[in-house]
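**Q** Got a sequence here, can you build the structure:
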Amino acid sequence: MADKAKGKGAHDVSAGKPTMADVADYAGVSTMTVSRALKKDGRVSEDTRKRILQAVDKLGYVLDQAAGSLSSRRTGFVAALVPSINNSNFSDTARGITDALENSGLQLLLGYTDYSTEKEEKLIQSMLQRRPEGIILTGGSHTPQARRMLEKSGIPVVETWEIPEDPIDHVVGFSNSEVMADLVRALAGRGYRKFGYIGGTTARDTRGSLRRAGFLKAVDELGLGPGRVISFGVPPISIEQGAQAVVSMLERWPDTEVVLCVSDLSAFGALMECQRRGMKVPGDIAIAGFGDYEISAFCHPRITTVNVDCYGIGKLAAGRLLQAINGGGVAGDELTLTSYKVILRESA
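**A** Numbers count the residues shown, from 1 in each chain. The predicted structure is shown next:
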């Protein structure tokens with residue numbers, strides 16, 4: 001079938017979810033050609049396919065794989081993306097989502113991004129093709145294309161675990177920067193003055209980057225001198241990397257009094273390494289983590305940390321999503337702040 005000659009960009013999709021007709025209009029082809037191109041039909045030339053894919057990217061269009069088989073707009077599931085499925089904090093968040101959905105008639109489709117916005121983009125596209133009734137995301141940093149797809153999806157979106165500067169829709173979370181700053185203030189109140197911080201080498205984990213920023217801000221505001229930062233490994237930072245990082249910290253700044261870690265796992269690694277070296281914790285050096293993992297409450301000494309109510313984040317996010325799906329009249333950009341608590345234990 002020959003392509004139709006249409007005016008590129010003539011169709012205005014700014015007000016709603018883009019359709020295949022919008023893509024065809026933008027690319028100057030027929031809807032049949034768009035359908036064939038997206039299904040990788042060999043009858044579409046490579047130049048035409050590239051032009052169509054450019055239109056798809058520009059408009060944030062997502063192929064609706066369910067459209068031909070479903071007469072109802074209800075699909076019976078919601079989607080959620082977490083950075084990792086072997087991290088107990090995000091597992092707790094997923095459990096909170098599942099529990100909140102228990103009596104709603106909706107099922108959860110879960111994906112993990114491995115802390116990669118590029119992988120998140122692919123997962124968002126894949127999820128949206130299956131037409132979920134809503135989607136929950138971890139974090140507020142996304143690729144431009146992922147954001148376009150979400151904004152044009154026509155379904156409720158809930159961003160969690162942080163407070164984005166420019167939310168897509170609903171937000172359920174806390175300020176990672178402020179929580180870490182509160183931990184610094186609490187430890188300064190115990191008399192510590194020479195602070196170190198262990199985190200990842202990249203901004204791949206945006207929550208980790210925000211915690212580092214909060215650490216540096218609080219140390220500066222308290223007049224405790226420049227914060228000592230060791231960046232070690234690609235997020236998420238492991239127990240082994242925490243052990244290696246504390247060695248680097250002490251080699252560079254041997255008079256460091258307290259080390260704050262991006263998570264309890266890296267804090268546990270740092271704690272074990274110090275003990276292997278015959279250092280007393282907190283006698284020779286103090287250590288604190290973030291996240292209140294189960295391991296932090298049962299090691300010796302128990303690790304000072306912050307509990308951010310991971311389960312509650314999931315439950316509140318799913319509740320917000322259900323309100324939006326059922327027309328509960330929730331404001332599109334309303335923020336739900338979640339609770340947190342600094343837990344001072346024996347390690348600091």
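**Q** So which residues of the stretch 201-348 of the chain form strands?
**A** Assigned by DSSP state E, counting those that start in this stretch, the stretch 201-348 of the chain shows strands spanning 228-231, 258-261, 286-288, 305-307, 335-337, 341-343.
**Q** Kindly indicate whether residue 171 is helix, strand or coil.
**A** At residue 171, secondary structure determined by DSSP: H, G, I helix; E, B strand; the rest coil is strand.
**Q** Centre of the chain to stretch 80-90, how far?
**A** 9 Å (Cα atoms, centre = their mean, to the nearest Å).
**Q** hmm, back to that, as TSV, the strands of the stretch 201-348 of the chain with mean neighbour count, distance to residue 36 and mean pLDDT would be great.
**A** To be clear about C-beta, it is placed using only N, CA and C from the backbone, and glycine gets the same treatment. Output for the strands of the stretch 201-348 of the chain, formatted as TSV (neighbours: other Cβ atoms under 10 Å; distance: least, Cβ to Cβ, whole Å; pLDDT from 0 to 100):
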stretch	mean neighbour count	distance to residue 36	mean pLDDT
strand 228-231	18	48	95
strand 258-261	29	53	98
strand 286-288	28	58	98
strand 305-307	23	53	98
strand 335-337	14	43	94
strand 341-343	16	56	98
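**Q** Those strands: which one's closest to residue 132?
**A** Among the strands of the stretch 201-348 of the chain, strand 335-337 comes nearest to residue 132, with 20.5 Å by Cβ to Cβ.
**Q** just so I know, which of the strands of the stretch 201-348 of the chain lies nearest residue 152?
**A** Nearest of the strands of the stretch 201-348 of the chain (Cβ to Cβ): strand 335-337, 22.3 Å.
**Q** other SSEs contacting that closest one?
**A** Applying 3 or more Cβ pairs under 8 Å, 6 or more residues apart in numbering; DSSP states H and E, one finds that strand 335-337 contacts strand 170-173.
**Q** which other helices and strands contact the strand it packs on?
**A** So strand 170-173, by 3+ Cβ pairs under 8 Å, 6+ apart, packs with strand 157-160, helix 310-325, strand 335-337.
**Q** The last one: partners in the sheet, and parallel or antiparallel?
**A** With DSSP bridges as the criterion, the sheet partners recorded for strand 335-337 are strand 170-173 (parallel).
**Q** Check which helices and strands the helix or strand following the strand it pairs with sits against.
**A** Going down the chain from strand 170-173, the next helix or strand is helix 176-188, by DSSP states H and E. Applying 3+ Cβ pairs under 8 Å, 6+ apart, we find helix 176-188 packed against strand 195-199, helix 206-221, strand 258-261, strand 286-288, strand 305-307, strand 341-343.
**Q** In this structure residue 84 contacts residue 115, no?
**A** Yes: contact criterion Cβ atoms under 8 Å: residue 84 and residue 115 qualify, at 7.2 Å.
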